[in-house]
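S.K.: next come a sequence and a model predicted from it.
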Amino acid sequence: MSPRVSIIISTYNGAAYIGETIASIRDQTYRNWELIIVDDGSTDDTENVITSFQDDRIQFIKAGKIGINGKIKNMGLDKISGEFIAFIDHDDLWAQNKLEKQMIALQTYSEAGFCLVNGYNFKHKGEPVNFFYHQREGIRIDKVFLSFFQSELSAWTQTLLMRRECLQAGRFSETSLFADPEFVFNLACQFKAVVLFEPMVYRRQHASSYSTVNWIPCQEQGIKIITKYKRSKLLPPAVAKNALFRSHIDFGEKYIREKQSRKAIRHFFKAWGNKIFSIAPAKKILKAVLYSFRQA
């Protein structure tokens, strides 16, 4: 028998998309999986959509309203029976061969604890907006912890397949709104990864997505994580400064798009503090000032 893969979905009011997500799992060429869906107190038709799939491999758990994504995912982890674990958000999709190719990679490279793949963001099915990585083919087997902070890799759990024993690196934080990246970082601290650069995950962008609605705490959490790893000396000072520089620049750009120039300028100054010889923050500050004048 092929090893079982336990797939976890955390959902809240996902009726509009979760049926398509489940269908993309049921279409997988790798057949030995179980799907554990943990519902965070949905008030829409999510339950009816899920139960319309008559598949013994699907478990539906009503958690009640908790509102902490990490806690919901940990409840899913409590129910797994598989030797491997994967995650997908209720509005995202997988290529049909995603699990199969990742299982082959992890069985081929036994020294790797987990596998990541490439993918793209989309608004309309089959129409990529942007890819996670420029490289679209090939493979990498390496310790990749620093790569996340050097803008080489992204920590999307939708792209992850991991061995169950890798849970010794830690479960999801239950104190932050956006626990996924740190979960992947902790894996990368302890285990080698195999990265497949073929795009096999399709991440839907829409106004009600979790990362869109909670973009401010997501950005803040990212900065806290970098600072935490810097203080623990897991991140070299130069890598941490560059990562903080990019994070504050990105934060400021998003505040400009939200027409909050003062907050944008504050983050551009913080970016400058991490790269005092860079002229980029000065240009960004000027851009924010001019934008605020146009809005006045």
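M.R.: Thanks, I have it.
S.K.: residues contacting the lowest-mean-pLDDT helix or strand in the chain, please?
M.R.: Least confident helix or strand, the chain: helix 210-213 with a mean of 76, by mean pLDDT, DSSP states H and E. Contact with helix 210-213 is made by 69, 89, 178, 205-206, 218, as judged by Cβ atoms under 8 Å, 6 or more residues apart in numbering. Every C-beta, even on glycine, is put in place using the N, C-alpha and C of the backbone.
S.K.: whichever of these end up buried, select them in ChimeraX.
M.R.: For the buried members of these, the matching ChimeraX selection, counting by 16 or more other Cβ atoms under 10 Å, is:
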select :69,89,178,218
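S.K.: put together CSV for the contacts of helix 210-213, with distance to Lys62, secondary structure and pLDDT on each row.
M.R.: Shown next, in CSV, are the contacts of helix 210-213 (distance: Cβ to Cβ, whole Å; DSSP: H, G, I helix; E, B strand; the rest coil; pLDDT from 0 to 100):
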residue, distance to Lys62, secondary structure, pLDDT
Asn69, 16, helix, 91
Asp89, 19, coil, 96
Phe178, 23, coil, 85
Gln205, 28, coil, 91
His206, 24, coil, 87
Cys218, 26, helix, 88
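S.K.: show me which residues of the least confident helix or strand of the chain are buried.
M.R.: Across helix 210-213, burial judged by 16+ other Cβ under 10 Å covers Tyr210.
S.K.: so how far is it off the chain centroid?
M.R.: 12 Å (Cα atoms, centre = their mean, to the nearest Å).
S.K.: and Lys62, how many neighbours?
M.R.: Residue neighbour count, defined by other Cβ atoms under 10 Å, stands at 11 for Lys62.
S.K.: please name the residues that touch it.
M.R.: Contacts of Lys62 (Cβ under 8 Å, 6+ apart): 39, 41, 47.
S.K.: Arg246 in helix, strand or coil?
M.R.: Here Arg246 is recorded as helix under DSSP: H, G, I helix; E, B strand; the rest coil.
S.K.: thinking it is in contact with Phe148, fair?
M.R.: No - with contacts counted by Cβ atoms under 8 Å, Arg246 stays clear of Phe148, the gap being 11.8 Å.
S.K.: what's the helix or strand hosting Ile249 packed up against?
M.R.: If you go by DSSP states H and E, Ile249 is part of helix 237-257. Judged by 3 or more Cβ pairs under 8 Å, 6 or more residues apart in numbering; DSSP states H and E, the packing partners of helix 237-257 are helix 145-149, helix 215-231, helix 261-274, helix 280-295.
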